[in-house]
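Student: structural data only, the sequence is not supplied:
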């Protein structure tokens, strides 16, 4: 299976802690017993700048003062890492210019690029990816590791930390072709689920040593459904992860002032200033009034090259409490940036964190990758759709010849109603096949328009391991009095795979697949529209009409593949548009196949168009990248 990191919404976490002994009122008598009090060393990542915004490189432990929960606290240690020395604040670059590499280019840095698909409109997503590419091409330092994350239907680790510039650019380029990102509005997130995704990211980053920075590409300013506790959770986890947030505001206008310390109450107009608040309270920095997104990246680079890690100790009974932190520098004119809250966690919370971390960063935790896809095919009534549900995962070689149990729950977000499905699937053994095999499970369902959550669990009889996954998706409203297209949904034929069907009747959409596939073949539904030239490409589309007037006899459905220059590379014979059905919509679907070798390496678009007497009535197109 192609290495596409589909991650499910989860929470993780960081450190644990113990219990504090009471201060005795008088000297206790020596009765030959001792009491051990466990303490934890907590590190606070701190940035210090002078009045002109230059990094301050020559501070000692005596220059800092620390207060925890309002009480001055002894500083146990100070770890100084400042290879850049005293360096000025990166400024805005003029249009057409390129950002240069940061000071101390050989320094070790870890920076995360986060693309907030929930709050970026489609046209802004493309602009953000373009600027990300330019930053990496011209400003990435040689020893700098970059992780790429999408916040969309939860948290998705698109690429783990790497220094390889070509790999980073390839990942950014791939995001342009990921149908689950570019073609979705991702408007279904609640405030709680959105902050859960950010908390999950911080807990993933806690597994990596040292200071880190998140460059957060978003157009979010305020939300009306935000609770203070959600903010605190992200801040506390960011502190434990030693990670600061640097917003890159992508609405292409001036970033408003952060209004630090003044937040509107939940439910009032405008909500809370999310990005400025997260930036300030995690120890990051709010960008100036500029449309130059690279300034946030440049600041993160410079700031990571001059840090102070302040160490202090918390005792056990303070472990489960949230503590306000204040750091002051005694040198006049200093500006100090640091996380404002810290917390430790119990062993049970840490175990839960590690379990859920595996779902967010599966490659690091060596867990199988499970992908779930929901495709509303055709309207059944004015408010419901026939929907194809698909699961894809790699089945380890050791399980072949056995069976696995699949449990799935589909939940309606607006009503909370849940529908469950459970079934055991046998997997036949084959002596001529070694290694993992791709499994695709297909099932049909009828879903109401609205937001849904699909949760799946895979297990094998006799084993304790359980692999779970969760995805959110939205079923659209049924168009009225219109002709429209669904899809095309793309897949590639996979040899030596397993196709399992759990349809409720024998007339479901899987039948055409049976005519295409061999006995030991399956299809990998492409979440990223990327194939090899040797792959056989499968495309499924559905054309529907909710108009009372039937289509004319001259109405046809055309399918063609266009090259990067817009010229037709391959076309199929037009199909007469003859929709059938007794419900709200009449539909006509088709499964097309493009044989292996039909497309040479390059960039293409697959178009499906409905035409009536030469006039375009409906169109859908998707990109395809061929290697």
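Tutor: Right, received. Where do you want to start? It should be emphasised that the depicted structure is a prediction, and the values quoted were computed from it without experimental measurement. Numbering: from 1, shown residues only.
Student: tell me how far residue 372 lies from residue 290.
Tutor: Per CB to CB, to the nearest Å, residue 372 is found 40 Å from residue 290. Every C-beta, even on glycine, is put in place using the N, C-alpha and C of the backbone.
Student: an error on my part: the question was meant for residue 52.
Tutor: Counting by CB to CB, the gap from residue 52 to residue 290 is 18 Å.
Student: swap in residue 72?
Tutor: Noted for residue 72: a distance of 38 Å to residue 290, by CB to CB.
Student: now do residue 235
Tutor: 25 Å.
Student: what is the burial count for the nearest residue to residue 489 once chain neighbours are set aside?
Tutor: Nearest non-adjacent residue to residue 489, counting by CB to CB, 6 or more residues apart in numbering: residue 540, 4.6 Å away. Here the number of neighbours of residue 540 (other CB atoms under 10 Å) works out to 22.
Student: residue contacts, residue 540?
Tutor: 487, 488, 489, 491, 509, 589, 590, 591, 592 (CB atoms under 8 Å, 6 or more residues apart in numbering).
Student: so what touches the helix or strand containing residue 245?
Tutor: Residue 245 is part of strand 243-249 when elements are defined by DSSP states H and E. The contact list for strand 243-249, computed with CB under 8 Å, 6+ apart, reads 45, 47, 112, 128, 202, 205, 211-219, 221, 238, 255, 275-276, 278-279, 282-287, 293, 296-297, 299-300, 303, 337, 339.
Student: repeat that with 7 Å
Tutor: 45, 202, 205, 212-219, 238, 255, 275, 278-279, 282-287, 293, 296, 299-300 (CB atoms under 7 Å, 6 or more residues apart in numbering).
Student: quick one, which of residue 52 and residue 290 is more surrounded?
Tutor: Between residue 52 and residue 290, counted using other CB under 10 Å, residue 290 has the larger neighbour count: 16 against 9.
Student: three-state assignment of that one?
Tutor: Counting by DSSP: H, G, I helix; E, B strand; the rest coil, the backbone at residue 290 sits in coil.
Student: any idea how far the nearest residue to it once chain neighbours are set aside lies from residue 115?
Tutor: What sits nearest to residue 290 in space, not counting adjacent residues and going by CB to CB, 6+ apart, is residue 92, at 4.7 Å. Going from residue 92 to residue 115 by CB to CB gives 22 Å.
Student: of the contacts of strand 243-249, which belong to helices?
Tutor: Per DSSP state H, helices hold the following members of the contacts of strand 243-249: 202, 205, 238, 275, 278, 279, 282, 296, 299, 300.
Student: and the biggest helix by length in the chain, how far out from the chain middle?
Tutor: As assigned by DSSP H, the longest helix anywhere in the chain is helix 122-139. Chain-centre distance of helix 122-139: 17 Å, with CA atoms, centre = their mean, to the nearest Å.
Student: counting contacts, what elements does that helix pack onto?
Tutor: helix 165-175, helix 294-304 (3 or more CB pairs under 7 Å, 6 or more residues apart in numbering; DSSP states H and E).
Student: name the residues of the first one that are buried.
Tutor: Meaning helix 165-175. Residues of helix 165-175 classed as buried by neighbour count (16 or more other CB atoms under 10 Å): 168, 171, 172, 174, 175.
Student: ok so, going back, out of the helices and strands packed on helix 122-139, which comes closest to residue 572?
Tutor: With CB to CB as the measure, helix 165-175 is the member of the helices and strands packed on helix 122-139 nearest residue 572 (26.8 Å).
Student: please list the residues outside the closest one that contact it.
Tutor: Taking CB under 7 Å, 6+ apart as the rule, helix 165-175 contacts 129, 132-133, 136, 140, 146, 148, 158-159, 162, 181, 528, 530.
Student: quote the end-to-end distance of stretch 573-592.
Tutor: 11 Å (CA to CA, to the nearest Å).
Student: per-residue confidence averaged over it?
Tutor: Averaged across stretch 573-592, pLDDT comes to 89.
Student: over to stretch 532-552?
Tutor: 92.
Student: equivalent analysis for stretch 159-168, please.
Tutor: 94.
Student: from the middle of its chain, how far away would it be?
Tutor: With CA atoms, centre = their mean, you get 16 Å for stretch 159-168.
Student: now do stretch 276-287
Tutor: 21 Å.
Student: what about that stretch, how long is it end to end?
Tutor: For stretch 276-287, the end-to-end distance is 9 Å (CA to CA).
Student: will you turn the contacts of helix 165-175 into a markdown table that also has neighbour count and distance to residue 324?
Tutor: Conversion of the contacts of helix 165-175 to a markdown table gives the following (neighbours: other CB atoms under 10 Å; distance: CB to CB, whole Å):
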| residue | neighbour count | distance to residue 324 |
| --- | --- | --- |
| 129 | 20 | 38 |
| 132 | 25 | 35 |
| 133 | 15 | 40 |
| 136 | 20 | 37 |
| 140 | 23 | 36 |
| 146 | 26 | 32 |
| 148 | 24 | 33 |
| 158 | 22 | 35 |
| 159 | 22 | 35 |
| 162 | 15 | 36 |
| 181 | 23 | 38 |
| 528 | 20 | 44 |
| 530 | 20 | 47 |
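Student: would a markdown table of those with distance to residue 612 be doable?
Tutor: Output for the contacts of helix 165-175, formatted as a markdown table (distance: CB to CB, whole Å):
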| residue | distance to residue 612 |
| --- | --- |
| 129 | 36 |
| 132 | 42 |
| 133 | 41 |
| 136 | 46 |
| 140 | 51 |
| 146 | 49 |
| 148 | 43 |
| 158 | 41 |
| 159 | 44 |
| 162 | 50 |
| 181 | 33 |
| 528 | 34 |
| 530 | 34 |
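Student: between those residues, which is nearest residue 122?
Tutor: Closest to residue 122 out of these is residue 181 (9.9 Å), distances taken as CB to CB.
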